[in-house]
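Trainee: What shape does this take:
(chains A, B, C and D)
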Amino acid sequence: MTELLTVENLHVVFQTYAGTVYAVNGMTFSVQPGEIFGLVGESGCGKSVACLAILRILPGHGRITAGRVLFDGHDLTQAKESEMQAIRGRQIAMIFQDPSTSLNPVFTVGSQIKRIIRHHTQASRQATEQRALELLDEVALPDPPRIMQAYPHELSGGMQQRVMIAMALASGARLLIADEPTTALDVTIQNQILELLVELRRHVGLSILLITHNLGVVAETCDRVGVAYAGQIVEIGPTSEVLHTMKHPYTQGLLAALPSAQQKGRDLLSIPGSVPNGLSVIPGCPFHPRCPHVMEVCRQTPPRLTAVNPGEAQHQVACYLYSPETAQ
Amino acid sequence: MQGAPGIEVSPFVEPAPAATYSEWRLIWRSFRQDKLALIGLAIILVFILGAAFAPLLTPYPEQGRGDPNILEKFKPPSAAHPLGTDYLGRDVLARVLYGGRSSLSMGFLVVVIAVLIGVPLGAIAGYLGGWVDEIIMRATDVFMAFPSLLLALAIASALGAGFTNTMIAIAVTWWPWYTRLVRSQTLSLRERFFVEAARSIGLPGHKIVLTHVLPNVMTPVWVQATLDLGSAILISAALNFVGLGVQPPAADWGNMVSQGRLYFIDRPWFAGAAGAAIFLTVLAFNFIGDALRDAADPYLRRT
Amino acid sequence: MSDQILLETRRLSKYFHPRRGLLSSKTGTVRALEDVNLTIYRQETLGVVGESGCGKTTLGRVLLNLVKPTSGQVIFEGQDLSSLERDALRRLRREMQIVFQNPYSSFDPRFSMFRSLAEPLTTHTNLRGAALEQRTRQLVRQVGMPEDALSRYPHEFSGGQLQRLAIARALALNPKFIVLDEPTSALDVSVQAQILNLLRNLQRHFKLTYLFISHDLSVVQYISDRIAVMYLGKVVELIAAPSLVEGQAQHPYTRALLSAIPEVHPEDKRERIVMPSKAPDAARPPSGCSFHPRCPFAMEICAQVEPPLEQISAEHWSACHLIHQSLQN
Amino acid sequence: MQRWEYLLKRLFLAIVVLFSISLITFFIARVLPSDPAAAWVGPRPTQEQIAKATQTLGLDQPLYVQYWRYLTSLLRGDLGVSIKSRQPILTELKTYLPATLELVIASMIIGELIGLPLGVLSGAWKGGALDNFSRILAVACVSVPTFFLGLLLQLVFFARLKLLPISGRISNEIAINYPITPITGFYTIDTLIAGNWPAFQDVLLHLILPAITLAAFGLGLSIRMTRASIIETLNEKYILAARVAGLPRRTILFVLALKNAIMPTLNVIGLSFVYSLTGSILVEVIFSWPGLGQYLTNAVLSLDFPVIVSVTLVVTVFYVAVNLALDLIQATIDPRVTLS
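Mentor: Have a look, this model is predicted:
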């Protein structure tokens, strides 16, 4: 299978008042055509920054220091700004966490969608209008002609996110990066948006890079998942394998920490400490200060992603508990 | 389970976030990167010291205070009179140094009075809300509906010309800006939970305003006050220029320009020196204020 | 039984009138709470769950008298809060505390932790000097923080640490009742577990009563003894947590919420109840049952008659016309 | 809220403000001075004059009666009589106001025409050469005292370069040889209408220096505030979303960002207007421009109190009206304004 998007050993740093923040430290993953890939992790794990880096829209004080981002075989980190311009929207679209601030408040929904359609297709006025109505229908918004006339603040959060998705489709992108698309929404609305994404993947053949902190969301929508910690992928593989036969102590800890009815009356297993703030690079395995199974080697050299079962390359984990060198 | 102090808790190993500096130290660290601001600081220092030690710095202190010296009038700059002499023969440098006493102190006092009136009113309006807020805000509306120079001019002429009256007149037009600023800061502060936490433990309102609200709204007030020092000096110079403010023979940069303007085409030095003094001072305060605002920006946004 | 009751509300309502100033047109009142009758037993955790704008946060504030109710009563240990004098009310504040959603804004950035934790003590007790210091040290230890935290400032802590300290502050006056307003929603999963464990330990140890407000039904299910489900300012279902887990919820909204939790283990998945996405507007609640426009089981009567909260079993109440339907069938 | 409701509300508020303004001017005129009658009569009053003023002003009456008389006479358009000229103030204002407005409008055109585009470009290319230039220009413009700048310009363009006239609205010989028939009171427009080219040229030359002097402050203000609002808008999430959608930079800047940044810009125009209006007081003194400012400063020097108060009142009313108009324009541009 040829990957649509490959992120290889990506490093991103930010210069801030407090010092240099190492946000992404050698992240590697790929998204295949037509799949939903979940990038899951807690705050500060670098998942959102990695996505901004893919599209090269990092804020001014952030920059890519190493690594490659291959889209269709082209390295986006080396592309000129004008080439990126042609990739944004037309090839890769992105939606954000808070739809209410992602829509321009002083233009109607219709004019915002139509502007994108016209820019990318040069269609006639009438065809543009038609296409905009189709798109709003495609994201299951009721009464598209009325929505076209509405200003963003007149729509609910769920509807705004649907509009954002319609705008992502308007440019004809093949890959959609969805950065916590449902975090700002209520649970019942969250489900509908996720279902819409799954639906679009099936119908339009859209590939989706879904960023979330919610393992439940991953379980219900993603084909494959990468677990990020301190700017690196610590475990990656098909969703059901990662979530059911999880190997990395961090993944195990995350799942054990989820409160559920079954855990009732018992203490939750929790990971001690809190996520690192990125102001320094943790030597060795980034998880070692919080890991219950920490060994001497973990403090020295960072582990590499290796297949969990030899001969089955899909499910990989970066942990010395499973690497052949330390297994003996 | 053990006794009260030792109740069982999950193990906890977590390093504290690294940098722990106070807000003003961080602001200063960023501020001192700004060359223009440092130049501004130097200019202000020179004028303040010049005004404070005027009697020691000039050989003609009595001329600085206003004594005429008709025989020497209209002398261009020379070694004896580095900035020349004015239409009454007074040493212009001495006049500028003494004029700084009036101009600088009026600007400074106007801002102090405006802050003293405006800040408490803003905090009260923002914290209490309701009809108190409504009344205070409508009052600011009315005062801000007047162009401030004009209102100050009308009030100053009603009170009669003079340093104190002019200062009061300007301050009256100035406080609403601080009330507005502090009120909006207070409103956003009220959204933050520590104020609600203070209410939930039953801390009385005046204590909440004094200990939690006011200290947290002052950073933007200091920034604004620095910028306003320039504007206050500008407006007080304007009132002195039209004949309000300090009365001759006392010197003020504003009335010095006014007195010199008729001779300006042929003998530009004495109106020019005073005009340049105003320009440099206001410029310096703007440099400082801008740098301070940029430096404090992360802290202003935080609230 | 009545001495089992710590707190009760009787027909508690809170209306907000969005201020429009002079010359405004009356464009509706937001009914944040309407006729809420709740009983909270000693040492239990009552979970309150609902989507944004359902009034759950207002409920917490009204119980603590931080917001005055429009009508109705809050009765704490037999005393009606609205009838109390100012001083009596201030004394009562010692008994009831609150922990907020956002730990980062829960502390005055200019106060050291010592000052923040000492504030409730100096306001309500005569503890000063060494005794005060002693007490604050004890408080930080109780929540699993090192004592040197007292000399530090809020920006030096992580969210999880701050939430521990906020809990310490809430404990300072030995309260009986704590409102926990989404205490973990700003935290990461791994830290959330620490806080939930801490809350459970403290409850056991200090015999605390909790009102646990959250939008996350899985957290509420885990920590609560009973759960109140709110929709547009009303309690639509009140149910013991084990019954909820066993799938005995009656109200379609409760069932929709349950089915909407994204599950890590798909085999746990309940059949999904799909609701129209039309967002409810708290200023213009629908006629009859306020949930009927989104309810997949809506009947004719739902649009006309508002269903009362009816008792189904000992600890199970529900406000839905379907109860009678299912009983008849 | 409906748009007409918003409009009504704004109008109502404006009336409340106007009412309060009359209260304050009343306060300044009748309460603040230690002896209002003496202040009203001017310098070196005679006993008889004071007695007459006390009677006409009704100073022996209770304050509320005085205020009522003051308010009703204002509403009739009676602003009183100038002490110095013994003319009704309203009549005098009618001759001075057009001169001031012509100057203010000319300066606003200069200031905003340069300031707004410079602010936009400077904000869009933050840190660039143009940005550095315009920031220095802006801070210099807001720091220089208006009256001093006027003197400097006279020194350069009149005395040294001999390019432009030093003061007045029109040269004497032109005024005599090519007389202007007042229609609007704006000399530039009046000469254009009449096709009076020599006079038009002369009037325009006279306008340049005072207009530039007056424009400086507003120019600096426009650059700073427009720049700040552009930078803020460009930091918004929806601008990032537009970039991600692949929209070209010029569309983002000149269509998407500008429509959002226009609101603060309208406020800038309002502020510039008031600064020009008050700045004209000083500029008119420097350039002997026969407008409100000169009328006012002469009144200050001769303690012509009725004139001081009336000019303050009239200018403020003007200012309120301009702000009201700007508010209504905002309401038509931004759909959210009517909600807040």
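
Trainee: which residues of chain C fall in strands?
Mentor: Ranges of strands within chain C are C:5-16, C:30-41, C:45-49, C:71-76, C:79-80, C:96-99, C:177-181, C:209-214, C:226-231, C:234-240, C:310-313, C:316-318, based on DSSP state E.

Trainee: could these go into a markdown table alongside mean neighbour count, mean pLDDT and distance to residue C:147?
Mentor: The C-beta positions use only the backbone N, C-alpha and C, and glycine is treated the same way. Below are these laid out as a markdown table (neighbours: other C-beta atoms under 10 Å in any protein chain shown; pLDDT from 0 to 100; distance: least, C-beta to C-beta, whole Å):
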| stretch | mean neighbour count | mean pLDDT | distance to residue C:147 |
| --- | --- | --- | --- |
| strand C:5-16 | 19 | 92 | 32 |
| strand C:30-41 | 20 | 90 | 34 |
| strand C:45-49 | 25 | 96 | 29 |
| strand C:71-76 | 18 | 93 | 33 |
| strand C:79-80 | 12 | 90 | 37 |
| strand C:96-99 | 27 | 94 | 21 |
| strand C:177-181 | 25 | 96 | 23 |
| strand C:209-214 | 24 | 96 | 26 |
| strand C:226-231 | 25 | 95 | 37 |
| strand C:234-240 | 24 | 94 | 40 |
| strand C:310-313 | 14 | 89 | 49 |
| strand C:316-318 | 22 | 92 | 46 |
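
Trainee: I'd like those as JSON lines, with distance to residue B:61 appended.
Mentor: Formatted as JSON lines, those follow (distance: least, C-beta to C-beta, whole Å):
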{"stretch": "strand C:5-16", "distance to residue B:61": "67"}
{"stretch": "strand C:30-41", "distance to residue B:61": "70"}
{"stretch": "strand C:45-49", "distance to residue B:61": "77"}
{"stretch": "strand C:71-76", "distance to residue B:61": "74"}
{"stretch": "strand C:79-80", "distance to residue B:61": "76"}
{"stretch": "strand C:96-99", "distance to residue B:61": "66"}
{"stretch": "strand C:177-181", "distance to residue B:61": "68"}
{"stretch": "strand C:209-214", "distance to residue B:61": "73"}
{"stretch": "strand C:226-231", "distance to residue B:61": "78"}
{"stretch": "strand C:234-240", "distance to residue B:61": "81"}
{"stretch": "strand C:310-313", "distance to residue B:61": "94"}
{"stretch": "strand C:316-318", "distance to residue B:61": "90"}
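
Trainee: could I get the ones you listed as CSV with distance to chain A?
Mentor: CSV is the format used below for the strands of chain C (distance: least, C-beta to the nearest C-beta, whole Å):
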stretch, distance to chain A
strand C:5-16, 19
strand C:30-41, 16
strand C:45-49, 10
strand C:71-76, 27
strand C:79-80, 33
strand C:96-99, 17
strand C:177-181, 14
strand C:209-214, 10
strand C:226-231, 11
strand C:234-240, 12
strand C:310-313, 19
strand C:316-318, 16
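
Trainee: got the phi/psi numbers for residue D:214?
Mentor: The phi and psi values for residue D:214, taken as degrees, to the nearest 10, are phi -70, psi -30.

Trainee: Is the most centrally placed residue in chain D part of a helix or strand, or is it coil?
Mentor: Within chain D, one residue has its C-alpha closest to the average C-alpha position: by C-alpha atoms, centre = their mean, that is residue D:277, at 2.3 Å. In terms of secondary structure, residue D:277 is helix; the call rests on DSSP: H, G, I helix; E, B strand; the rest coil.

Trainee: pretty sure residue B:275 contacts residue D:150?
Mentor: No: taking C-beta atoms under 8 Å as the definition, residue B:275 is not a contact partner of residue D:150, at 10.0 Å.

Trainee: Spell out which parts of chain D neighbour chain C.
Mentor: D:1, D:5, D:8, D:9, D:12, D:13, D:16 (C-beta under 8 Å from any C-beta of the partner chain).

Trainee: all helices of chain B, in order?
Mentor: B:23-31, B:35-52, B:54-57, B:61-65, B:92-128, B:130-145, B:148-159, B:163-190, B:193-200, B:205-207, B:214-241, B:253-260, B:269-302 (DSSP state H).

Trainee: most tightly surrounded among the ones you listed?
Mentor: Neighbour counts averaged per stretch over the helices of chain B are highest for helix B:253-260, at a mean of 27; criterion: mean count of other C-beta atoms under 10 Å in any protein chain shown.

Trainee: so what does it touch, helix or strand wise?
Mentor: helix B:92-128, helix B:214-241, helix B:269-302, helix D:146-153 (3 or more C-beta pairs under 8 Å, 6 or more residues apart in numbering or on different chains; DSSP states H and E).

Trainee: per-residue confidence averaged over that helix?
Mentor: The average pLDDT within helix B:253-260 is 91.

Trainee: Show me what it is in contact with.
Mentor: When contacts are defined by C-beta atoms under 8 Å, 6 or more residues apart in numbering or on different chains, helix B:253-260 is touched by residues B:86-87, B:95-96, B:99-100, B:102-103, B:236-243, B:245-246, B:248, B:267-268, B:270-275, B:277-278, D:145, D:147-148, D:151.

Trainee: cool, and stretch D:52-70?
Mentor: Counting contacts by C-beta under 8 Å, 6+ apart, the residues touching stretch D:52-70 from outside are D:22, D:23, D:26, D:29, D:30, D:31, D:36, D:37, D:38, D:40, D:41, D:45.

Trainee: so which of those comes closest to residue C:322?
Mentor: Top of the list for closeness to residue C:322, among these and by C-beta to C-beta, is residue D:23 at 63.9 Å.

Trainee: Let me see the confidence value for that closest one.
Mentor: According to the model's per-residue confidence, residue D:23 sits at a pLDDT of 90.

Trainee: With just CA atoms, put the helix or strand in which it is found into PDB.
Mentor: Assigned by DSSP states H and E, residue D:23 belongs to helix D:3-26. Listed next in PDB are the C-alpha coordinates belonging to helix D:3-26 (Å, rounded to 0.1, in the frame of the first residue of the first chain):
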ATOM      1  CA  ARG D   3     -32.100  46.800  13.400                       C
ATOM      2  CA  TRP D   4     -34.600  49.600  13.900                       C
ATOM      3  CA  GLU D   5     -34.700  48.800  17.500                       C
ATOM      4  CA  TYR D   6     -31.000  49.200  17.700                       C
ATOM      5  CA  LEU D   7     -31.300  52.400  15.900                       C
ATOM      6  CA  LEU D   8     -33.900  53.700  18.200                       C
ATOM      7  CA  LYS D   9     -31.900  52.700  21.200                       C
ATOM      8  CA  ARG D  10     -28.800  54.500  19.900                       C
ATOM      9  CA  LEU D  11     -30.800  57.600  19.200                       C
ATOM     10  CA  PHE D  12     -32.300  57.500  22.700                       C
ATOM     11  CA  LEU D  13     -28.900  57.100  24.200                       C
ATOM     12  CA  ALA D  14     -27.600  60.000  22.100                       C
ATOM     13  CA  ILE D  15     -30.400  62.200  23.400                       C
ATOM     14  CA  VAL D  16     -29.600  61.200  27.000                       C
ATOM     15  CA  VAL D  17     -26.000  62.200  26.400                       C
ATOM     16  CA  LEU D  18     -26.900  65.500  24.800                       C
ATOM     17  CA  PHE D  19     -29.100  66.300  27.800                       C
ATOM     18  CA  SER D  20     -26.300  65.500  30.200                       C
ATOM     19  CA  ILE D  21     -23.900  67.600  28.200                       C
ATOM     20  CA  SER D  22     -26.200  70.500  28.600                       C
ATOM     21  CA  LEU D  23     -26.200  69.800  32.400                       C
ATOM     22  CA  ILE D  24     -22.400  69.900  32.400                       C
ATOM     23  CA  THR D  25     -22.100  73.100  30.400                       C
ATOM     24  CA  PHE D  26     -24.700  74.600  32.600                       C
END
